[in-house]
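Novice: Predicted model and sequence below, questions to follow.
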Amino acid sequence: MNILVTGAKGQLGSEIKILSKGFSCHTYFLTDIDELDLTNYQAVDNFFNQNKIDLIVNCAAYTSVDLAETESNLAQLINVKAVEILADKAIEKNIKIIHISTDYVFDGTHYRPYKEDEITSPNSVYGKTKLDGENILKNKPVDSIIIRTSWLYSSFGNNFVKTIMRLSNEREELNVVGDQIGTPTYAADLAEAIMKIIENYRLTGVFEKEIYHFSNQGVCSWYDFATEITLMIKSNCKINSIETQKYPTPAQRPHFSVLCKEKIKKTFGLEIPYWKKSLQKCIAIIENNNKNINL
């Protein structure tokens with residue numbers, strides 16, 4: 001197949017790029033905004049007229065949760081309008097879409113892991129625009145798989161893991177929110193799941209319009225997450241647990257956004273790693289990369 005990966009320079013796109021080398025039966029078009037501006041209809045139209053694409057993996061998104069509160073037009077453009085343009089092209093050219101969404105489509109008032117069919121009620125501009133993007137795919141006659149994920153990190157780009165690693169080596173103490181509960185997701189694990197979904201489609205020809213949830217296994221708070229990072233890098237920095245109200249942010253986060261992964265595990269036979277094991281892998285890569293930079 002010819003596979004278009006958008007947002008290829010982001011965390012998830014970068015991990016897919018690495019894995020794609022092991023699936024040489026496919027041809028990959030790895031694009032980011034420099035190569036393909038998804039908000040520009042003419043640019044997208046030209047691309048699809050010049051290239052035969054069978055499947056799109058849409059990793060492109062506006063993900064600055066707090067900035068979205070003031071940059072709502074930009075968030076809308078990337079998270080909604082771009083999805084609509086891709087969906088229309090997919091319908092016209094008979095292309096399948098795998099689209100990445102977020103746990104922020106939920107309000108976080110739950111007390112058990114969220115299943116795919118539960119009521120969505122985002123409480124931030126970011127969450128609302130991501131839900132609007134989902135609804136475009138759900139309501140249009142396009143073959144699409146939506147994967148909601150949470151707390152994404154990797155050895156690429158900027159993320160919570162890298163921030164805590166850096167700050168814990170610069171400071172003696174850090175205050176981290178302890179009353180927001182969810183699950184970290186190593187982007188490499190999500191990339192692997194996406195590749196398995198693609199291979200399942202290649203082998204079976206089945207591509208059903210569905211929503212799935214994916215994160216690593218287990219549950220933690222941001223405080224737990226930060227504490228584990230400092231333990232793994234052997235930092236002496238003290239991590240203090242604080243309440244959300246003591247760390248006000250422009251965007252409201254869900255207090256509980258654990259995702260139920262049973263559907264995706266059962267459908268595609270996935271074994272999802274425990275979050276601490278994946279974190280250990282990622283930190284080892286980051287530390288090795290830092291060591292090579294300093295040589």
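Specialist: Thanks, I have it. Numbering: from 1, shown residues only.
Novice: give me the number of residues near residue 157?
Specialist: 16 (other C-beta atoms under 10 Å). From N, CA and C alone the C-beta is placed, and that goes for glycine too.
Novice: Kindly report the same for residue 34.
Specialist: Applying other C-beta under 10 Å, we find 7 other residues in the vicinity of residue 34.
Novice: Three-state assignment for it, please.
Specialist: Counting by DSSP: H, G, I helix; E, B strand; the rest coil, the backbone at residue 34 sits in coil.
Novice: Same check on residue 97?
Specialist: With three-state DSSP as the criterion, residue 97 reads strand.
Novice: So it sits against residue 88, correct?
Specialist: No. Using C-beta atoms under 8 Å, residue 97 makes no contact with residue 88, being 11.2 Å away.
Novice: okay, these two: which has more neighbours?
Specialist: Ranked by neighbour count (other C-beta under 10 Å), residue 97 and residue 88 place residue 97 first, with 23 against 16.
Novice: Okay, the more buried one and residue 229: tell me how far apart.
Specialist: Using C-beta to C-beta, to the nearest Å, we find residue 97 at a distance of 34 Å from residue 229.
Novice: just checking, residue 276 touches residue 224?
Specialist: No. With contacts counted by C-beta under 8 Å, residue 276 stays clear of residue 224, the gap being 9.7 Å.
Novice: The stretch 101-250 of the chain: helices as residue ranges?
Specialist: Using DSSP state H, counting those that start in this stretch, the helices of the stretch 101-250 of the chain run over 125-139, 160-170, 187-204, 222-232.
Novice: Let's have the ones you listed in JSON lines, adding distance to residue 92, mean neighbour count and mean pLDDT.
Specialist: Conversion of those to JSON lines gives the following (distance: least, C-beta to C-beta, whole Å; neighbours: other C-beta atoms under 10 Å; pLDDT from 0 to 100):
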{"stretch": "helix 125-139", "distance to residue 92": "15", "mean neighbour count": "22", "mean pLDDT": "98"}
{"stretch": "helix 160-170", "distance to residue 92": "39", "mean neighbour count": "17", "mean pLDDT": "96"}
{"stretch": "helix 187-204", "distance to residue 92": "20", "mean neighbour count": "19", "mean pLDDT": "97"}
{"stretch": "helix 222-232", "distance to residue 92": "43", "mean neighbour count": "21", "mean pLDDT": "98"}
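Novice: Run a quick neighbour tally on the nearest residue to residue 66 once chain neighbours are set aside.
Specialist: Nearest non-adjacent residue to residue 66, counting by C-beta to C-beta, 6 or more residues apart in numbering: residue 250, 4.4 Å away. Neighbour count for residue 250, taken as other C-beta under 10 Å: 12.
Novice: which residues sit in contact with residue 250?
Specialist: Contacts for residue 250 (C-beta atoms under 8 Å, 6 or more residues apart in numbering) come out as 66, 67, 69, 70.
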